[in-house]
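Colleague: give me the fold of what follows.
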Amino acid sequence: MPLTKLRNIGIAAHIDAGKTTTTERILFYTGVNRKLGEVHDGQATMDFMKQEQERGITIASAAITTKWKSHQINIIDTPGHVDFTIEVERSMRVIDGLIGLFCSVGGVEPQSETVWNQADRYKVPRIACVNKMDRTGADYKEVIHQLEKYLDANPIAFQLPMGAEENFKGVINLIENKAVIYPSELERQEIEIPAEYAEEVKTARKELIEKIADYNEEIMELYLADEEIPADLLKKAARECVLKMLFTPVFCMSAYKNKGVQDLLDAVVAYLPSPIDVGAVVGTDLDDETKTHARHPSENDPFCALAFKLINDPYVGQQTFIRIYSGKLESGMQVLNPGKNYKERIGRILRVKAKEREELTSAGAGEIVALIGMKETKTGDTLCELKNPCILEKIHIPPSVIELKIMPANKNEDEKLGFALNKLCTEDPSFHSRVDEESNETIIAGMGELHLEIMVDRLKEEFKILVETGEPSVAHREAMTVPVENSHKFAKQTGGKGMFANCTIRFEPNPGKGFEFVNMIKGGAIPVEFIPSVKKGLEKTMAEGILAGYEVLDVKAILIDGSYHPVDSSDMAFQLCASMCFKEAFRKASPVILEPVMKVEVNTPDDYIGDVIGDLNKRRGKIGDMRRHRKGAQKVNATAPLSEMFGYATTLRSLSSGRANYAMEFQSYEKVPAEVQEKIIKAAEEKRAQGR
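Modeller: Okay, the predicted model is just below:
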């Protein structure tokens, strides 16, 4: 199949906007499924994890391949819940086009904005679709207004709904100037535009043509001459505008009632890009980061792909999903993982249809496939030809902000738990586990309460490990606030070989840039083989923390001077010396404890706005702004420390009689108030004392 007939698309939106139901309908109308799967009865094809079926939400983005009108469409269904934002992030990295789905009643909701901003970051062309037009309170024009106001999407209606709520019976295609009705789930019938919509259609079509004419001279000339503009010319010009992200076409439907899905598929084929339209991907040289290599979507270019997701499948083992950008991949071929300098042999290549798989002998540019048997390749890794290496940009992974103690109910299952957690960490880069050296407790960390709840569930269901958990706790961090220079001599003389190391290091705050190590040693004051030991000692100590055992963030360490002993100096001596040097310096550097501060967006009916704001203020929240969200409801933007937000879902439900909803995501680490810092340090000291 030519690459111009391939579409790699994502469907993304706020939770409960109908993404999975839309995908199910697409699979039904394209012939992948013979019957319709429903989210609410746990029968959705894309939600094949037990946790997804129980909650009626999508957790893992699943890739699926289908065909429509001689085009191949690879669809990635992504979660709407902010705790699984890493899934959206990695999907955005590999798709070419996006369907932004919006509820006709909810409109632009908090997570819609997050998803839209992620698509902006990766420059993904998109179309918008207003779903649930059959729901009470459906308002197509209001959603288009919100797309303009809150997302700056420059939206244009490409369709008008015929009726709304229980009277929604079809759509009017403004490009073709035709009406479409759906007498049954399999029937789609084109009719003349009913007389009662004639005036509205005339106005909307005029607006659409004027907007496209702004970007196309040929259409502008025909419009000014008052001549009829062919639908094909409008489509071609509109497609060019979508590819350049000049405006966002808006469509409408009711996926659940099977109205408008085929037309959305037509729009995907007509307006969203093929790999050819997206063009070359740029990677950096393996030896020189300033040099770049372009990889074009062609089988003639060297092979290059990005691993964007790992899934542990109980039947075939670990599946590594990759997006191929150039060249051809064949079973049995040897490829390079340049980031790890590791050669991987390609075993089985699968095209995945959620639970089902089709085995391939080869796959070409533009394809999204799963590989079985990859040993070292993880999320964000590049795979390329041995003779033509390059590294593609990695996937942005947000920091984990919440921790939970976890232990197996059966003490003999410690090893089994370690193995299972390692599998889950490999699969999800925003999930981490570690063992606290002082208490010997296993700690898991993730993006939110629901994220950790799902992981605990998966340990029980997939790995058959019953676990007990403690209370969730906040993943605090430590930081220095002033620069400090410090020298430390480490000397331990014994009867045999002793230990000796001496370092002078300047430490500076390095806001937002992580740990940076600069070697300024001249004249061999410290032999070159011990310089990495100094860095290693610093990194290890920063990970363990000084004040209360939390990781130290954002430090620039400049190794200025030092000395060594020709016999007693060693790798370990310099590691220990650097560690002690840092501990002494950190305590002199006006250290502070940082806490994760969350961006909180609450949608609430007007009646409860006072109670919602009062409650946020009690939680050390700072109110940013309030705006009219829809008739009778407002959106409150605020920031609040994560430590104050545990159990917020329950409180908000009771404050608003279950009518308000919220989304929360990590924003930044900020200094805790002095009295809170004292409490945290005191608790850490008590814990250490108990450990002794």
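
Colleague: tell me the average confidence for stretch 359-372?
Modeller: On average, the pLDDT along stretch 359-372 is 92.

Colleague: residues of that stretch that come out buried?
Modeller: Across stretch 359-372, burial judged by 16 or more other C-beta atoms under 10 Å covers 360, 363-372. C-beta coordinates here come from the backbone N, C-alpha and C atoms, glycine included.

Colleague: same check on stretch 319-331?
Modeller: So stretch 319-331, judged by 16+ other C-beta under 10 Å, has buried residues 319-329.

Colleague: quick one: low-confidence ranges for the protein?
Modeller: 32-62, 77-85, 314-315, 353-356, 437-439, 494-496, 629-630, 691-692 (pLDDT under 70).

Colleague: about what we covered before: among the buried residues of stretch 359-372, name the ones in strands.
Modeller: Among these, the ones falling in strands (DSSP state E) are 360, 363-364, 368-372.

Colleague: can I get these in JSON lines with distance to residue 449?
Modeller: Below are those laid out as JSON lines (distance: C-beta to C-beta, whole Å):
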{"residue": "360", "distance to residue 449": "40"}
{"residue": "363", "distance to residue 449": "39"}
{"residue": "364", "distance to residue 449": "43"}
{"residue": "368", "distance to residue 449": "31"}
{"residue": "369", "distance to residue 449": "34"}
{"residue": "370", "distance to residue 449": "30"}
{"residue": "371", "distance to residue 449": "33"}
{"residue": "372", "distance to residue 449": "34"}
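
Colleague: what are the ranges of the helices in the stretch 501-650 of the chain?
Modeller: 531-544, 571-588, 609-618, 648-655 (DSSP state H, counting those that start in this stretch).

Colleague: skipping its backbone neighbours, what lies nearest residue 546 in space?
Modeller: Residue nearest to residue 546 in three dimensions, not counting chain neighbours: residue 586, with 4.7 Å by C-beta to C-beta, 6 or more residues apart in numbering.

Colleague: determine the number of other residues adjacent to that neighbour.
Modeller: 23 (other C-beta atoms under 10 Å).

Colleague: going forward, count from 574.
Modeller: That works, and once the first residue is 574, the last one we named lands at residue 1159.

Colleague: you'd agree it is up against residue 1125?
Modeller: Yes. Using C-beta atoms under 8 Å, residue 1159 is in contact with residue 1125, at 7.0 Å.

Colleague: single out the most deeply packed of the helices of the stretch 1074-1223 of the chain.
Modeller: helix 1144-1161 (a mean of 21; mean count of other C-beta atoms under 10 Å).

Colleague: quick one: work out the angle between it and helix 1104-1117.
Modeller: Angle between the axes of helix 1144-1161 and helix 1104-1117 is 50 degrees (criterion: axes from the mean of the first three to the mean of the last three C-alpha atoms, to 10 degrees).

Colleague: sorry, back to before: and for residue 1159 and residue 1125, which residues touch both?
Modeller: 1051, 1053, 1119 (C-beta atoms under 8 Å, 6 or more residues apart in numbering).

Colleague: just name the closest of these to residue 1249, please.
Modeller: Within the shared contacts of residue 1159 and residue 1125, proximity to residue 1249 (C-beta to C-beta) peaks at residue 1051, which comes in at 13.6 Å.

Colleague: helix or strand for that closest one, which one?
Modeller: Using DSSP states H and E, residue 1051 sits in strand 1050-1052.

Colleague: following element in sequence after that strand, please.
Modeller: strand 1057-1065.

Colleague: first-to-last residue distance for stretch 678-686?
Modeller: With C-alpha to C-alpha, to the nearest Å applied, stretch 678-686 spans 16 Å between its terminal residues.

Colleague: list the contacts of it.
Modeller: So stretch 678-686 is in contact with 586-590, 653-655, 673, 675-676, 705, 708-712, 715-716, 719-720, 722-724, 1174, 1176, 1202-1203, 1208, 1234-1236, going by C-beta under 8 Å, 6+ apart.

Colleague: good, wrapping up.
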